[in-house]
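Trainee: structure of the sequence below:
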Amino acid sequence: MLVRYADDFVCTFRYREDAERFYRTLPKRLGKFGLELSSEKTRLMRFSRFHPSGKRRISFLGFELNWGRDRHRRPRLHRRTAKKKLRQAVKEMGEWIKQFRHLPHKDFCTALNRRLRGHYQYFGLIGNSRLVWLFYKEVIECVY
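Mentor: Model prediction:
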């Protein structure tokens, strides 16, 4: 059995007409490769720096994306850890800690630091430091 997925991509267009034309032809294009579009995960939405709105959010690859303004009032894409992904990461880390708490202290700390660095390297983006710090605090509470 061969299973193929073409998931986790975002297409952006300057003009709505271009987006609608692409959206209409996408199922046919994917069908050529034996793939189908998931209608519950697919949508057209206005997501523009020219019309920023904190209410329009996209969840993508563990991040929540929305347009806002920087401290100079220029449009800026805000990228933050999605709440669902943060809860899941803390839960998984807590389970890992319980499973490997028996290791010698040095080995445990080395392995824990490796896992923490992986999280920091993936989620450590400008503007996301508060949620990275929250993850760290939650993990430290699990350890002690």
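
Trainee: nearest residue to Phe22 in space, please, no chain neighbours.
Mentor: Cys11 (6.3 Å; C-beta to C-beta, 6 or more residues apart in numbering). (C-beta placed from N, C-alpha, C; glycine too.)

Trainee: tally of neighbours for that neighbour?
Mentor: Here the number of neighbours of Cys11 (other C-beta atoms under 10 Å) works out to 10.

Trainee: got it, and Met93?
Mentor: Around Met93 there are 19 other residues, counting by other C-beta under 10 Å.

Trainee: that one in helix, strand or coil?
Mentor: Counting by DSSP: H, G, I helix; E, B strand; the rest coil, the backbone at Met93 sits in helix.

Trainee: was I right about it contacting Glu141?
Mentor: No: Met93 lies out of contact with Glu141 (C-beta atoms under 8 Å); the separation is 10.5 Å.

Trainee: what is the burial count for Leu86?
Mentor: Leu86, neighbours per other C-beta under 10 Å, totals 20.

Trainee: what packs against the particular helix or strand that has it in it?
Mentor: Element membership for Leu86, per DSSP states H and E: helix 83-100. The elements that helix 83-100 packs onto, with contact taken as 3 or more C-beta pairs under 8 Å, 6 or more residues apart in numbering; DSSP states H and E, are helix 105-123, helix 129-143.

Trainee: how close does the residue nearest to Phe22 sit to Arg21?
Mentor: Cys11 is 11 Å from Arg21, where distance means C-beta to C-beta, to the nearest Å.

Trainee: helix, strand, or coil at Arg21?
Mentor: Quick answer, by three-state DSSP: Arg21 is helix.

Trainee: distance of it from Gly127?
Mentor: Going from Arg21 to Gly127 by C-beta to C-beta gives 33 Å.

Trainee: quick revisit: my guess is the residue nearest to Phe22 contacts Ala19. True?
Mentor: Yes: under the criterion of C-beta under 8 Å, Cys11 makes contact with Ala19 at 7.4 Å.

Trainee: mind listing what Lys84 touches?
Mentor: Ser59 (C-beta atoms under 8 Å, 6 or more residues apart in numbering).

Trainee: that one and Phe63, how far apart?
Mentor: For Lys84, the distance to Phe63 - C-beta to C-beta - is 11 Å.
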